[in-house]
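Asker: following is a predicted model, sequence given first.
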Amino acid sequence: MTVESTAAARKPRRASKRTSAAKKPQSSEPQLVQLLTPEGERVEHPDYSIDLSADELRGLYRDMVLTRRFDAEATALQRQGELGLWASLLGQEAAQIGSGRALRDDDYVFPTYREHGVAWCRGVDPTNLLGMFRGVNHGGWDPNSNNFHLYTIVIGSQTLHATGYAMGVAKDGADSAVIAYFGDGASSQGDVAESFTFSAVYNAPVVFFCQNNQWAISEPTERQTRVPLYQRAQGYGFPGVRVDGNDVLACLAVTRSALERARRGEGPTLVEAFTYRMGAHTTSDDPTKYRADEERAAWEAKDPILRLRAYLEKEKLADEAFFTALDEESETLGKRVREAVRAMPDPDPMALFEHGYADGNSLVDEERAQFAAYQASFADSAEEGK
Amino acid sequence: MAVEKMSIAKALNESLRLALDNDPKVLIMGEDVGKLGGVFRITDGLQKDFGEDRVIDTPLAESGIVGTAIGLALRGYRPIVEIQFDGFVFPAYDQIVTQLAKMHARALGKIKLPVVVRIPYGGGIGAVEHHSESPEALFAHVAGLKVVSPSNASDAYWMMQQAVQSDDPIIFFEPKRRYWDKGEVDTESIPGPLHKAVTVREGGDLTLVAYGPMVKVCLEAAAAAQEEGKSIEVLDLRSMSPIDFDAIQTSAQKTGRVVVVHEAPVFYGSGAEIAARITERCFYHLEAPVLRVGGYHVPYPPARLEDEYLPGLDRVLDAVDRSLAF
Ligand SMILES: Cc1ncc(C[n+]2csc(CCOP(=O)(O)OP(=O)(O)O)c2C)c(N)n1
């Protein structure tokens, strides 16, 4: 008897509870490492402490404000038709600046496509990030000049690259660390599971930094996992920690500690930054189809920038002049980005045939020549037309 | 007769709705197919009407989506899975190629794998990388899979019905830049077989062979050539595996000249297979070598260069001229 006929012989059953999709995971209450409350109060944590100068604190604030300003400008540029698409990081500034500022120059970063704040910390000129969203290139920066790899669009792929890179670092006997960024959705991909396996088995000096922004396009985290994501690490044999992703101090402290652990040769750590994507998934997405406004409102009360500002003001660590100067700096940045994008030229058509291969390729050469002749035929007919 | 004008997207949506209605074993699975209705809204409203157990938002894992669809099919279900974009099918490629394609044969025909893998494919929408590719040849090359692509709303509607009813795994490529093109759909008159090519324009001087997004370009090219007194026939293949070689042969013998047009790179593309077969079948009827128009052997370019990469009217007409010059 075939499988088909046995199935057909069975009476159709109403979908039972057993077969319906799982609802909320059992423990959705986050156990967060927090050093700064949403109200801007400093709190202590037994495992993670941090002692920053006023200058450093203002620096983190400045990073977050400028990153948000850059992101807002890019969103506006998309609306004005200057960019084809934009993936906003709004709400994730603390996770990115906190982790990004924990890095040393010789560390290497493998981002996904939303890590504009991390790029900022690496000193990548923000206008470089816009080429791929404008559609003039597929990356557009030299990953080795800032140890910041290209954005990766295929979900989860880069976690394996980070692991392999980290294996190389260890083989070289260097004490650099590697950090891989990915989302809560990405945690479902096989590549991510395999990167956990490899990094654990080879004790690779890599930090997995998962920004759990609660959504993978329209799907909530519960559609990816039944247990809090940071707990996954345990099954692979390395530590996992959940940090308040809207607390820049906690993100800095936790990432720093994970990087140090990697440097000491103790292997990988999974950091889950519990945060929120305040905007749409990308400019092509319509979040009103799948999530309630109240949810965003609740997270707005945890805004990472307002939180640090409250602390700076309360502790008199920054004065009015600081904030005014930063506003001006933001506007200058916005203007520079706007101008740079508008001035970004379309690529020369012949660029199609560039960089497909490092060594020459006779097939590409042939097609390039045919294409050039074809392009020239239009110029000729325009001449004839005169 | 129930003839309605609708977009390809709407036709697919209506067809999926009908499939869910007709057979309780039909399931829809994929990322964002539920509340959002898919990023292209092809499954819009289906979860609302059929519930979360039949229109299933899956974890973000393509290998998982296809792999579990195989298991569901083994249990008697008929899953229709959505891969969000062409470039994201590759995590599932292993499951499709090593498992889905071969299980029926390995079981000596005792099991069937009625799985439809829907893939919005092709360029022309100004997207970032991995959102514009045409990987059909990579699937057509694999025995055990059937590979189809509609070019208009009526085919979208009916080919989806036929695909769901097929007991073989079908890779269903949807020409994403045509989703919003409208056409008439007769939801009552049953059309011809899924794998039959259709002559969408009659002509005597040359045959353009195309499928999916390129059919429209070829029809436009034929209309433009008509103004110059050239009579061009356009064949819509509809199926890349199997291919209706009889229809191609008939047309090739009639016109003596064939140009194959697709978006995918020409090198090792479906045009190569078609050209070779035509040469084998009707060498003495040909007035010119079979020419191919398609993408170059380069990574799919950034959006601002895709018009140079994608075959447009001019490139098709240029090939027509070259063929006629022989
Ligand atoms: C392999 C793959 N499948 C599907 C997609 C389409 N896609 C792009 S982003 C995204 C959601 C990602 O969610 P998450 O990993 O949580 O990251 P976030 O965007 O929330 O930062 C999806 C499904 C993709 N880019 N790659």
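Answerer: Good, I have the coordinates.
Asker: what ranges does the chain have for its strands?
Answerer: Chain wasn't specified; assuming chain A. For chain A, the strands defined by DSSP state E occupy A:108-110, A:178-183, A:206-212, A:215-216, A:219-220, A:240-244, A:269-274.
Asker: let's do chain B instead
Answerer: Using DSSP E, strands in chain B cover B:3-7, B:26-30, B:55-57, B:78-82, B:116-121, B:146-148, B:170-175, B:182-186, B:198-201, B:206-210, B:232-236, B:239-241, B:258-265, B:291-295.
Asker: just say which of these is most tucked in.
Answerer: Across these, averaging neighbours per residue (mean count of other Cβ atoms under 10 Å in any protein chain shown) puts strand B:206-210 on top, at a mean of 29. Heads up, the C-betas are built off the backbone N, CA and C, glycines and all.
Asker: quick revisit: turn the strands of chain B into JSON lines, including distance to residue A:192.
Answerer: Shown next, in JSON lines, are the strands of chain B (distance: least, Cβ to Cβ, whole Å):
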{"stretch": "strand B:3-7", "distance to residue A:192": "36"}
{"stretch": "strand B:26-30", "distance to residue A:192": "19"}
{"stretch": "strand B:55-57", "distance to residue A:192": "19"}
{"stretch": "strand B:78-82", "distance to residue A:192": "21"}
{"stretch": "strand B:116-121", "distance to residue A:192": "22"}
{"stretch": "strand B:146-148", "distance to residue A:192": "30"}
{"stretch": "strand B:170-175", "distance to residue A:192": "26"}
{"stretch": "strand B:182-186", "distance to residue A:192": "41"}
{"stretch": "strand B:198-201", "distance to residue A:192": "44"}
{"stretch": "strand B:206-210", "distance to residue A:192": "39"}
{"stretch": "strand B:232-236", "distance to residue A:192": "41"}
{"stretch": "strand B:239-241", "distance to residue A:192": "33"}
{"stretch": "strand B:258-265", "distance to residue A:192": "30"}
{"stretch": "strand B:291-295", "distance to residue A:192": "31"}
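Asker: between these, which one is closest to chain A.
Answerer: For chain A, the closest of the strands of chain B is strand B:55-57, at 5.4 Å, according to Cβ to the nearest Cβ.
Asker: the closest one and the ligand, are they touching?
Answerer: No: judged by Cβ under 6 Å from any ligand atom, strand B:55-57 stays clear of the ligand, getting no closer than 10.8 Å.
Asker: strands paired with that strand, and their directions?
Answerer: Looking at strand B:55-57 with DSSP bridges, its partner strands are strand B:26-30 (parallel).
Asker: and the residue of the stretch 51-200 of chain B found nearest the ligand, how many neighbours?
Answerer: Nearest residue of the stretch 51-200 of chain B to the ligand: residue B:88, at 3.6 Å (Cβ to the nearest ligand atom). Using other Cβ atoms under 10 Å in any protein chain shown, residue B:88 has 19 neighbouring residues.
Asker: the closest residue to it other than its chain neighbours and residue B:163, how far apart?
Answerer: Computed as Cβ to Cβ, 6 or more residues apart in numbering or on different chains, the closest residue to residue B:88 that is not its neighbour in sequence is residue B:62, at 5.9 Å. As for residue B:62, its distance to residue B:163 is 19 Å (criterion: Cβ to Cβ, to the nearest Å).
Asker: can you pull the contacts of the closest residue to residue A:45 other than its chain neighbours?
Answerer: When the adjacent residues along the chain are set aside, residue A:45 lies closest to residue A:33, with 5.6 Å between them (Cβ to Cβ, 6+ apart). Neighbouring residues of residue A:33 by Cβ atoms under 8 Å, 6 or more residues apart in numbering or on different chains: A:45, A:47-48, A:241-244, A:250, A:253-254.
Asker: follow-up on the earlier one: could you verify my assumption that the residue nearest to residue B:88 touches residue B:87?
Answerer: No: at 10.6 Å, residue B:62 and residue B:87 do not qualify as touching, with contact defined as Cβ atoms under 8 Å.
Asker: more neighbours: the two, which one.
Answerer: residue B:62 (29 against 20).
Asker: the more buried one and residue B:28, how far apart?
Answerer: 15 Å.
Asker: cool, and residue B:165?
Answerer: From residue B:165 to residue B:28 the distance is 15 Å (Cβ to Cβ).
Asker: most proximal residue of the stretch 101-250 of chain A with respect to chain B?
Answerer: Relative to chain B, the nearest point of the stretch 101-250 of chain A is residue A:135 (2.8 Å; Cβ to the nearest Cβ).
Asker: distance check, the residue most central in space within chain B against residue A:189.
Answerer: Nearest residue to the geometric centre of chain B (Cα atoms, centre = their mean): residue B:149, 1.7 Å. Distance, residue B:149 to residue A:189, using Cβ to Cβ: 27 Å.
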